[in-house]
Structures are given as structure tokens and as C-alpha cells.
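okay, predicted coordinates and the sequence, questions at the end:
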Amino acid sequence: MPALTDRVRGRSIVARLTVREKALERRMLRNLGLVEDRLLACVREPSVPVLADVAGHLVTAGGKRFRPLLTLLGAEFGDLGRPGVIDAAVVSELVHTASLHHDDVMDEARVRHGVASVNACWGNTVAVRSGNWLLAKAAQLSAGLTPEAIPLQAEASERLVRGQVLELTGPARPEDRLTHYFGVVSDKSASLISFALRLGAVQAGAPHGVGKALEQYGEHLGVAFQISDDLLDITSSVGESGKEQGKDLEVGVSGLPMLLALEDVYPGDEELRGLLGRPGGVHGEDRDRALALLQRSPAVDRARALMTERLARARASLVPLPPGAPRRALGALCDFVASRTH
């Protein structure tokens, strides 16, 4: 069997966040290896073999283990050796993976992490049920953590579902589309990133002020991360992102560049606005044309500017944290998110 650190997902991210921080890098790799083993044990536990296959499909397929990494970084501000820190990191990944099961059903996605999505393999009903099982498993693990873990997970799950529903229903009058977008992103994406950081800090017994600073950092980082995902949907291939390029266009989900393109009035963008304004999504050759026009649109640069602004706010949220390698790693994480779309 390969060495523990050779089996760690997200090794490249850890290396980027811990440049010249070798002690932190060793801790992160060791603990992520423990998270991986615990995570696989959790999803392989069901007595019904098909549920083990379905629940473990995306877990074993790939992913950077970004949320467990955040949980471990949050725990660095307390006592990393406290019982339950590894399980806390597993909880953050289980909740995230459950959200992917549900998102792929909503988006009719066929690819996730570079493999066939759960709904593509087993159908929508099984995908939804397996996502629910992962949430239940996360709650079971949370029950064995600090008393604050269950309320934190409940709040994150409530926000996650609210964001999914709001994305489906669209803005209610008189709310404008951009305000609605940022509300959805805050609930669907930022809530899980903020939850992962704060859960790690709470489980490790970090001071309350540290947890609040990490919560704010996670909210801003999460919004920036989703904007970078929106940009990747337009600019990257399946091999780079692990998802189908242009899937948002196809299913009629409006990422930030699309919303900005609809709002902008630039000469020559009339064709793009016409394509994006079609109900029910853009398909086939029209989707390819819309992608090409979007890639050249000023809306992409505007979206990057808004992402950069959010990353600046995330960095500012780190100021109250004690100086040291963990805080520097969180600053480097902002650089990583910025670099994803360049």
C-alpha cells in the first residue's frame, strides 16, 4: 500500500499554501491522509451494497478535499490534537458531497470530478436519496463532536437547501438578478466553506473571536470561489475542471459572467444577449457560440474584478487572527482561488 501522504487528495493545494511552512505541510498531509481513511470507511459502511457504491462514487472518484483542508486549517488555531478534529473534517466533506449529489440532479449534469455523475449512473431518485444519506451520516458524526457542531451543521444545511431552492425559483420582484445571485451564492457555496473553517476551530477549542473571524473569511472566500467556478464553466475544459464546459448555459443557470453580460450594453454584444435571454437554456451550436462570445465579452473581466474584490475582503478578515503559518496559509488560499481562472 502507498505511504499515507502519497494517497492524500489535494497535495498540490497543500504545497501551494504551505510554501516555506514545512511543519504545517507535514501536519496537513498527515491529517488529510487520516481524513481520507475515515471518509472511505464512512461511505463503505452501509449494509446495502448498492448504497455503498452510490454514496462512495464521488468520494472515490476525485476532488481536492478542499473543505476538509479548511477544517484542518481552522483547527490549527486551537488544539489540533483534540479528539474529533479528523471527524470534523470528514463531516465537512460529507455535507459537501451530499450537495454535489443534489446539484447534479438539479443541473442535469452528466460529469462530476471527471467521471459520470451519480444521477447519470443510477438516476435522479437514487442520487437524491444517497445525498440525503450522506447528510444523515454527517449528522451522526457531528453528534459525537463538540455540542456546537450539530447547530453549526444544521445552520449550514438549512442555508444550503435555501440557496438551492432560491436558485431554482429565481429572483422575486423587486429583487434584481445580481442581488439574487449573491444571495444564492452566499447560501449555496459560502455557507459550506465558512462552516468547514468554523467547525475546525470550534472542535479544536479555538477562542470565540477566532471562530468569528474565520466565519467572515469563509463567507468572502466562498463567494470568490463560486465566481471562479462560474468563470471556469466558461473558460476551462472538462479535463481542467472535472465538469462539463458550458453546463450552466445548457441548463439555464445564470453564472455571474452571464448576468453581467445581460446587464452590459456593449456594441456587438446584441447576439450574446439574445442567446443568453432564451428560456430553457442554450444548446448545441448555439451553446458553443454563446461560450465563444462570452469568452471575449467584457463581462468576464468584470466578474474577475468582483472576485478580486471579494478576495480582498477575505484577506482583511484575517487581520484579527494570531500571526503564524496557519494565517499565512489562509492568505495563500486567496492567491490560489485568484489563480484558478488565469
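Nice, I can see it. Numbers count the residues shown, from 1 in each chain.

now the helix or strand harbouring Val95: mean pLDDT?
Per DSSP states H and E, Val95 falls inside helix 85-107. Averaging pLDDT along helix 85-107 gives 93.

okay, now the unreliable bits of this structure?
1-7, 46, 237-245, 251-252, 264-268 (pLDDT under 70).

tell me the contacts of the residue positioned nearest the centre of it?
For the chain, the residue sitting closest to the mean C-alpha position, by Cα atoms, centre = their mean, is Ser189 at 5.6 Å. By Cβ atoms under 8 Å, 6 or more residues apart in numbering, the contact set of Ser189 is 163, 222-223, 225-226, 229. For every residue, glycine as well, the C-beta is placed using N, CA and C.

now Leu40
Taking Cβ under 8 Å, 6+ apart as the test, what Leu40 contacts is 56, 59-60.

relative to Leu29, how far out is it?
Going from Leu40 to Leu29 by Cβ to Cβ, to the nearest Å gives 17 Å.

cool, and Ile86?
13 Å.

could you report the distance from Arg296 to Asp269?
10 Å.

tell me which of these two has more neighbours.
For Arg296 and Asp269, the more surrounded residue by other Cβ atoms under 10 Å is Asp269, and the numbers stand at 19 against 11.

that one against Ala261, yeah?
Yes - Asp269 is within contact range of Ala261, at 6.7 Å (criterion: Cβ atoms under 8 Å).

what's the overlap in contacts for those two?
Ser297.

tell me which residues touch Leu69, please.
Contacts of Leu69 (Cβ under 8 Å, 6+ apart): 10, 13-14, 28, 32, 89.

nearest to Arg110 among those residues?
Gly10 (24.6 Å; Cβ to Cβ).

need the contact list for that closest one.
By Cβ under 8 Å, 6+ apart, the residues touching Gly10 are 32, 64-66, 69.

quick check: buried residues in stretch 311-327?
311, 313-315, 317-318, 321, 325-327 (16 or more other Cβ atoms under 10 Å).

can you give the distance from that stretch to the centre of its chain?
How far stretch 311-327 lies from its chain's middle: 20 Å, per Cα atoms, centre = their mean, to the nearest Å.

end-to-end on that stretch?
15 Å (Cα to Cα, to the nearest Å).

list of residues touching it?
Contacts for stretch 311-327 (Cβ under 8 Å, 6+ apart): 18, 21, 23-24, 73, 76-77, 209-210, 213-214, 216-217, 220-221, 224, 330-331, 334, 337-338.
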